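Sharing a sequence plus its predicted fold:
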Amino acid sequence: MALARETGTGLFVLALTSNPEGGEVQHAVRADGRSVGATMLGHLAAENAGEEPLGSFGAVVGATLGDLSSYELDVGGPILAPGIGAQGATAADLPAVFGGAVRNVVPSVSRGVLRHGPDAVALRDAAERFADGIRTAVTAG
Ligand SMILES: O=C(O)c1cc(=O)[nH]c(=O)n1[C@@H]1O[C@H](COP(=O)(O)O)[C@@H](O)[C@H]1O
């Protein structure tokens, strides 16, 4: 983090990953009663404090995770959200998973697009469909 600050860059920290096995570590409760994932999110919020509109320290939080309302997801930085497409999450899941923090979500889709290749037009169309679906989901309501 010090290097990122010195060089004017940023980083993403794995907080609540999209893979089902991640919960074993990330939902583990520390001696202070907070989970590992919540602790990571708390550190990121502290690092981003005072930065407008967003700080440069982001969290990775899976779009597959369902109800995350017990977590404070608004860390004042971007939230990289893998899990849409091949892992089963959809664009429509984003508002329910991320709540008010959905405005800071950067959804990622890899295989969901790539499986339409190698035809370049089909790849582009698939990417546009995902982008449209995500735009609609995060701007609705
Ligand atoms: O690379 C990651 O940080 C990552 C974190 C996470 O929680 N879940 C996750 O799927 N990833 C990566 O994100 C990409 C997701 O790919 P798709 O599932 O094909 O969209 C893969 O490269 C994964 O390794």
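The structure has been received and is ready for your questions. Numbers count the residues shown, from 1 in each chain.

buried set for the helix or strand encompassing residue 3?
Per DSSP states H and E: residue 3 is located in helix 2-7. Within helix 2-7, no residue counts as buried by 16 or more other C-beta atoms under 10 Å. C-betas here are computed from N, CA, C, even on glycine.

Tell me which residues are up against it.
Applying C-beta atoms under 8 Å, 6 or more residues apart in numbering, the contact partners of helix 2-7 are 9-11, 56-57.

Dump these to CSV, plus distance to the ligand, pLDDT and secondary structure.
Output for those, formatted as CSV (distance: C-beta to the nearest ligand atom, whole Å; pLDDT from 0 to 100; DSSP: H, G, I helix; E, B strand; the rest coil):
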residue, distance to the ligand, pLDDT, secondary structure
9, 17, 98, coil
10, 15, 97, coil
11, 11, 98, strand
56, 17, 98, coil
57, 15, 98, strand
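
Can I get these in CSV including neighbour count?
Formatted as CSV, the contacts of helix 2-7 follow (neighbours: other C-beta atoms under 10 Å):
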residue, neighbour count
9, 9
10, 17
11, 13
56, 17
57, 23
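
Closest to residue 35 out of the residues you listed?
Closest approach to residue 35 among the contacts of helix 2-7 (C-beta to C-beta): residue 57, at 19.0 Å.

Chain neighbours aside, what residue packs nearest to that closest one?
Spatial nearest neighbour of residue 57, chain neighbours left out: residue 47 (4.4 Å); criterion: C-beta to C-beta, 6 or more residues apart in numbering.

coming back round to it: centre of the chain versus the helix holding residue 3, how much separation?
Using C-alpha atoms, centre = their mean, to the nearest Å, the mean C-alpha position of helix 2-7 is found 22 Å from that of the whole chain.

got the CA coordinates for it in PDB?
Taking C-alpha atoms only, helix 2-7 is exported to PDB below (Å, rounded to 0.1, in the frame of the first residue of the first chain):
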ATOM      1  CA  ALA A   2       2.900   2.300   0.700                       C
ATOM      2  CA  LEU A   3       4.300   1.700  -2.700                       C
ATOM      3  CA  ALA A   4       0.900   2.300  -4.300                       C
ATOM      4  CA  ARG A   5       0.600   5.600  -2.600                       C
ATOM      5  CA  GLU A   6       4.200   6.600  -3.600                       C
ATOM      6  CA  THR A   7       3.600   5.700  -7.200                       C
END
